[in-house]
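Q: The sequence and its predicted three-dimensional model are supplied below.
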Amino acid sequence: MPKKTIRDIDLNAKKVIMRADFNVPLDENQNITDDTRIEAALPSIKYILEKGASLILMSHLGRPKGEVKSKLSLAPIAERLSEKLGIEVIMAPDCVGEQVESLAAKLSPGQVLLLENLRFHSEETKNDPDFSDQLAKLAEVYVNDAFGTAHRAHASTAGITKKMDVCVSGFLLEKEIKFLGDAVTNPEKPLVAILGGAKVSSKIGVIKNLLNKADSIIIGGGMSYTFFKAQGREIGKSLFTEADLPVAEGILKEASEQNVELVLPIDTVITDKDVGDMFDDPSIADSAETKIIEGDIPEDWEGVDIGPKTIEKIKGILTDARTVVWNGPMGVFEFEKFAAGTNAVAEYLAQINAMTIIGGGDSVAAVNKCGLADKMTHVSTGGGASLEFLEGKVLPGVDALDD
Ligand code: AMP
């Protein structure tokens with residue numbers, strides 16, 4: 001059901017509280033190293049202010065686990081927001097309490113107050129009703145623009161909505177719901193899903209949900225070896241999770257019953273060194289020997305990327321696609337030596353005439369690394385949230401908003 005947005009309500013002279021996702025990466029001196037998430041919240045913030053409202057912003061940052069940790073203060077975000085908006089962003093000493101209430105009460109239209117890290121209070125993630133009350137009484141209108149936490153029923157994403165009369169989505173959340181929602185419920189066909197990454201278990205729900213929706217499902221990355229094993233092939237020392245084997249077998253069976261094209265790599269780049277060790281010592285990757293093989297992976301060798309024949313096959317499938325959803329790299333893309341498959345997919349997606357949706361997590365990092373994010377139709381801001389959405393789950397933070 002479509003949700004109301006800030007476009008659908010009267011904001012003039014209203015006091016608005018907005019849940020944003022300012023969970024940005026910081027270095028050891030609390031410098032923001034990537035402000036994409038702050039940038040992504042600006043359209044909603046500017047719109048709300050232009051319409052004559054005053055704005056209270058709230059977010060979590062990192063994992064303080066219910067304790068005040070000065071290194072996880074949102075103060076650097078207030079500063080960066082001030083620079084971007086060209087107005088002072090008042091930094092609150094906390095997110096609830098008398099002092100915060102007084103600061104909120106004093107706000108005039110056009111002014112912005114940023115609350116301190118929500119997760120300094122354990123009540124936030126516990127979705128505590130009293131804590132929700134305290135947040136709710138700061139404003140008259142609730143806006144959620146934090147897709148990254150929309151799959152969590154927390155006080156600032158779910159509890160608060162029970163205490164406020166007007167609860168709507170911001171532009172970022174609206175965009176996420178539209179693109180990810182359309183991709184799974186109303187895609188222009190053919191729909192092709194590309195799934196990669198390390199573990200079958202984290203993507204099972206997505207594969208199952210897409211089995212009766214997608215025309216082709218391409219599986220690459222570390223999780224393809226569990227499928228190889230399910231086909232009775234040898235996989236050497238490649239990534240494998242025994243517990244996922246029956247799941248992979250079930251998916252292979254279901255795909256053939258449902259007539260969905262399930263594409264596994266034809267050829268694989270393998271290496272003679274341990275990938276885990278490479279993360280500790282990157283020089284191991286430089287000296288590692290690599291080979292491209294088809295069929296069984298020899299003992300003592302490990303699969304690290306899809307091979308050139310697989311890349312060509314994927315391109316062939318993508319050429320006719322009208323909608324593509326991609327989640328998870330095709331190989332250990334953190335090392336340039338094993339990033340060819342992932343890069344090739346990113347580059348090809350950037351040039352085809354289809355709706356291209358990058359579903360969060362490491363595939364977003366890969367697309368950014370190639371400098372191709374702006375060539376995609378939609379790059380999701382939420383890892384876990386986008387996976388749950390693609391699984392067809394109802395996200396509590398979205399469900400709680402006004403229809
Ligand atoms: P995920 O979070 O499940 O999307 O997994 C992302 C991780 O999968 C990245 O860190 C990749 O390095 C890793 N990955 C992709 N392909 C492989 C592979 N063939 N072997 C080991 N790890 C892989």
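A: That came through, no problem.
Q: Going along the chain, name the strands of the stretch 1-150 of the chain.
A: 15-19, 54-58, 89-91, 112-114, 141-144 (DSSP state E, counting those that start in this stretch).
Q: Next, format those strands as TSV and append mean neighbour count.
A: To be clear about C-beta, it is placed using only N, CA and C from the backbone, and glycine gets the same treatment. What follows is those, written out as TSV (neighbours: other C-beta atoms under 10 Å):
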stretch	mean neighbour count
strand 15-19	25
strand 54-58	25
strand 89-91	19
strand 112-114	22
strand 141-144	26
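Q: which parts of this protein sit against the ligand?
A: Taking C-beta under 6 Å from any ligand atom, the part of the chain that reaches the ligand is made up of 196-199, 202, 221-222, 239, 275, 303-304, 328-329, 331-332, 334, 361-362.
Q: Now the buried members of those.
A: 196-198, 202, 221-222, 239, 275, 303-304, 328-329, 331-332, 334, 361-362 (16 or more other C-beta atoms under 10 Å).
Q: among those residues, which are in strands?
A: For those, membership in strands holds for 303-304, with DSSP state E as the criterion.
Q: what sits against the residue of the chain with the smallest separation from the ligand?
A: Residue nearest to the ligand within the chain: G197 (2.3 Å; C-beta to the nearest ligand atom). The neighbours of G197, taking C-beta atoms under 8 Å, 6 or more residues apart in numbering as the test, are 203, 221-223, 327-329, 361-363.
Q: Let me see the residues that make contact with stretch 376-383.
A: Contacts for stretch 376-383 (C-beta under 8 Å, 6+ apart): 21, 36-37, 40, 147-151, 172, 175-176, 179-180, 349-350, 354-361, 364, 367, 373, 386.
Q: Relative to the whole chain's centre, how far out is it?
A: How far stretch 376-383 lies from its chain's middle: 7 Å, per C-alpha atoms, centre = their mean, to the nearest Å.
Q: Return it as PDB; C-alpha atoms alone will do.
A: What follows is stretch 376-383, C-alpha atoms only, in PDB (Å, rounded to 0.1, in the frame of the first residue of the first chain):
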ATOM      1  CA  MET A 376      22.400   2.900 -12.100                       C
ATOM      2  CA  THR A 377      18.700   3.600 -11.700                       C
ATOM      3  CA  HIS A 378      18.800   3.100  -8.000                       C
ATOM      4  CA  VAL A 379      21.500   2.400  -5.500                       C
ATOM      5  CA  SER A 380      20.000   1.400  -2.200                       C
ATOM      6  CA  THR A 381      21.200   3.000   1.100                       C
ATOM      7  CA  GLY A 382      20.200   0.000   3.200                       C
ATOM      8  CA  GLY A 383      22.000  -3.300   3.300                       C
END
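Q: Please verify my assumption that S202 contacts L387.
A: Yes. Counting by C-beta atoms under 8 Å, S202 touches L387, with 7.0 Å between them.
Q: And stretch 128-139, what's buried?
A: Here stretch 128-139 shows 128, 131-132, 134-139 as buried, counting by 16+ other C-beta under 10 Å.
Q: Take the residues you listed and keep only those in helices.
A: Residues of the buried residues of stretch 128-139 located in helices (DSSP state H): 131-132, 134-136.
Q: just the strands in the stretch 151-300 of the chain please.
A: Under DSSP E, counting those that start in this stretch, the stretch 151-300 of the chain gives strands at 166-169, 191-195, 216-219, 261-263, 267-271, 290-294.
Q: Tell me which of the ones you listed lies nearest to E249.
A: Smallest distance to E249 across the strands of the stretch 151-300 of the chain (C-beta to C-beta): 12.2 Å, for strand 261-263.
Q: Run me through the strand neighbours of the closest one, direction for each.
A: Applying DSSP bridges to the sheet, strand 261-263 is found paired with strand 216-219 (parallel).
Q: So what's the model's average confidence on the partner strand?
A: Averaging pLDDT along strand 216-219 gives 96.
Q: what's that strand in contact with?
A: 190, 192-196, 207, 210-211, 227, 255, 260-265, 314, 317, 321.
Q: can we see that at 7 Å?
A: The contact list for strand 216-219, computed with C-beta atoms under 7 Å, 6 or more residues apart in numbering, reads 190, 192-195, 207, 210, 227, 255, 260-264, 314, 317.
Q: are any of those residues buried, and which?
A: Buried members of those, counted by 16+ other C-beta under 10 Å: 190, 192-195, 207, 210, 227, 255, 260, 262-264, 314, 317.
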